[in-house]
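1. Show me the folded form of this:
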Amino acid sequence: MRLGWNEIELLKALAREQCPKVSSSQRLRLELLGLVVDSARGLMLTPAGRAAARDARPTVHEQFEKPDRPLDAAGRKRMLDRVVPTTW
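-> Residues are numbered from 1 along each chain as shown. Just a heads-up that it's a prediction; the model follows:
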């Protein structure tokens, strides 16, 4: 299973018992992966979700992205702020 940087941050926020904003498509994806359960108390991590939040590492491609870059009005990362990796 391959998680994006924003999904890793969502899982880490849920592990800290914060209440992040999660879009319905991300909620469905995380639910189908078995990482979260949508209950009456809200979005809750499964044991697999806790392990994924604890052990998640960015992929080689995502190491060149800034995880704290600003978001647009829809909550997406702005494409112009991407760091392009160079070859040596």
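2. What pLDDT is listed against the residue lying closest to S23 once chain neighbours are set aside?
-> Take S23 and drop its neighbours on the chain: the residue closest to it by CB to CB, 6 or more residues apart in numbering is G75, 7.2 Å away. The C-beta positions use only the backbone N, C-alpha and C, and glycine is treated the same way. The score at G75 is 72. That number is its pLDDT.
3. Check which helix or strand G75 maps to.
-> Here G75, judged by DSSP states H and E, is contained in no helix and no strand.
4. can you check R54 too?
-> Following DSSP H and E, the helix or strand that holds R54 is helix 47-55.
5. And for that helix, what's in contact with it?
-> M1, L3, I8, L11, K12, L14, A15, L30, G34, L35, V36, L45 (CB atoms under 8 Å, 6 or more residues apart in numbering).
6. Can you give me the buried ones in it?
-> Across helix 47-55, burial judged by 16 or more other CB atoms under 10 Å covers G49, A52, A53.
7. any idea how far R2 is from the second one?
-> Spelled out, it's A52. Distance, A52 to R2, using CB to CB, to the nearest Å: 11 Å.
8. Need the three-state assignment for R57.
-> When classified by DSSP: H, G, I helix; E, B strand; the rest coil, R57 comes out as coil.
9. can you start the count at 325 instead of 1 from here on
-> Yep, numbering from 325; the last one is R381 now.
10. tell me the pLDDT at it?
-> In this model, R381 carries a pLDDT of 71.
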